[in-house]
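> Just the structure for this:
(one chain, ligands or ions: 1)
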Amino acid sequence: MTDGLRIHDLHTGYRKKKIMSGLTTPLLPRGQITALLGPNGSGKSTLLRALADLNPAQGELLLNGEDLMTLPSATRAQKVVYLPQSLPQGVHLHALESVIVARRASGSLHSHNVEQEAYAILDKLGVAHLAMSFLDQLSGGQKQLIGLAQSLIREPDLLLLDEPLSALDLNYQFHVMDIVARETRLRNIVTVVVIHDINIALRHARYALMLKGGELIASGLPGEVVSPASLATVYGVDGRVEYCSRGLPHVVVDGVIP
Ligand SMILES: Nc1ncnc2c1ncn2[C@@H]1O[C@H](COP(=O)(O)OP(=O)(O)OP(=O)(O)O)[C@@H](O)[C@H]1O
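This next block holds a predicted model:
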């Protein structure tokens, strides 16, 4: 089966620092969210940036059977969209304009209803009222939502979201993950999301990768990847997975392992 993303023997890092030496993963499924888990500094952003061609890398990145590493940069940029933890500073555009620019950057130069499309995506995310606000005058959470609109409108095959919930309130965290899950399913794309909140990962993701020190420690169903053993070895905490009255799993941390 070739539908999905398979990372094979990936080497990446920075000029003076190797972060990943031969990372190989199972097939990350299409149509479902993959949560990328791991402690601070474990290599999550480095991996997403390598997938997005923003960090130097060697290896194979097979997306639906096609090796991204062999594609011209422009072709790869149309297929892969990376949303960083925060939008670049100093961009003096309205939110709506920024989404239109993102759409045009993805190659849709001649669509007559780009503005309508952009507005519809803002509306879907619940931020149509911010359409005429300048990006540099938005709150952190509002900027994250506009960044997500910019990412979705580019219609990637591989969507990479780096902590898209970090500035969002409880309501928006659920709202955004529901939308990302739905769009991932409808578009049948591969979506990898860095999530620090393990309970959100358990609730919304259907697959998970757990990294530590640039290495893959566990992969599979989130409920299998997150266990007392992995919480201890990867995060150094004494934790349990409990099931609430609705049968949903959640992690309870009893303390830090001395
Ligand atoms: N530009 C850089 N130059 C050199 N080293 C870097 C650079 N960016 C990150 N690193 C190092 O790479 C390692 C992995 O960092 P990365 O940002 O990928 O971790 P992360 O898992 O995303 O962490 P966090 O959860 O804190 O965002 C860390 O040791 C970090 O210090």
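
> separation between Val190 and the ligand?
Distance of Val190 to the ligand, computed by Cβ to the nearest ligand atom, to the nearest Å: 19 Å. Placement of C-beta: from N, CA and C, glycine included.

> any idea how far the top strand by length along the chain is from the chain center?
In the chain, taking DSSP state E as the definition, the longest strand is strand 5-14. Centroid separation for strand 5-14 versus its chain: 16 Å, with Cα atoms, centre = their mean, to the nearest Å.

> cool, and stretch 195-210?
So, by Cα atoms, centre = their mean, the centroid of stretch 195-210 is 11 Å from its chain's centroid.

> Over to the residue nearest to Arg187 when sequence neighbours are not counted. Which of the three states is it?
Spatial nearest neighbour of Arg187, excluding adjacent residues (Cβ to Cβ, 6 or more residues apart in numbering): Glu155 at 7.1 Å. Using DSSP: H, G, I helix; E, B strand; the rest coil, the structure places Glu155 in coil.

> ok, how many other residues are close to Glu155?
Using other Cβ atoms under 10 Å, Glu155 is surrounded by 17 other residues.

> Count the neighbours of Met210 for me.
Close neighbours of Met210, defined as other Cβ under 10 Å, add up to 28.

> Kindly apply the preceding question to Leu61 instead.
Neighbour count for Leu61, taken as other Cβ under 10 Å: 22.

> Would you map the helices across the stretch 51-200 of the chain?
Listed in chain order, the helices of the stretch 51-200 of the chain (DSSP state H, counting those that start in this stretch) span 73-79, 95-105, 114-124, 140-153, 170-187, 198-204.

> okay, those, which one's buried deepest?
Of all the helices of the stretch 51-200 of the chain, helix 140-153 has the most neighbours on average by mean count of other Cβ atoms under 10 Å, namely a mean of 22.

> Who are the packing partners of it?
Using 3 or more Cβ pairs under 8 Å, 6 or more residues apart in numbering; DSSP states H and E, the elements in contact with helix 140-153 are strand 80-83, helix 95-105, helix 114-124, strand 158-162, helix 170-187.

> Nearest to the ligand, out of these?
strand 158-162 (7.3 Å; Cβ to the nearest ligand atom).

> centre of the chain versus the closest one, how much separation?
Relative to the mean C-alpha coordinate of its chain, strand 158-162 is positioned 3 Å out (Cα atoms, centre = their mean).

> Parallel or antiparallel, which strands does it pair with?
Taking DSSP bridges as the criterion, strand 158-162 forms sheet pairs with strand 80-83 (parallel), strand 190-194 (parallel).

> what sits up against that strand?
5, 44-45, 48, 51-52, 63, 68, 79-85, 148, 151-152, 180, 184, 189-194 (Cβ atoms under 8 Å, 6 or more residues apart in numbering).

> give me that answer again for 6 Å
Here strand 158-162 makes contact (Cβ atoms under 6 Å, 6 or more residues apart in numbering) with 45, 48, 51-52, 63, 80-85, 189-194.

> hmm, that strand touching the ligand?
No. Judged by Cβ under 6 Å from any ligand atom, strand 158-162 makes no contact with the ligand; its nearest approach is 7.3 Å.

> what angle sits between that strand and strand 5-14?
Interaxial angle, strand 158-162 versus strand 5-14 (axes from the mean of the first three to the mean of the last three Cα atoms, to 10 degrees): 50 degrees.
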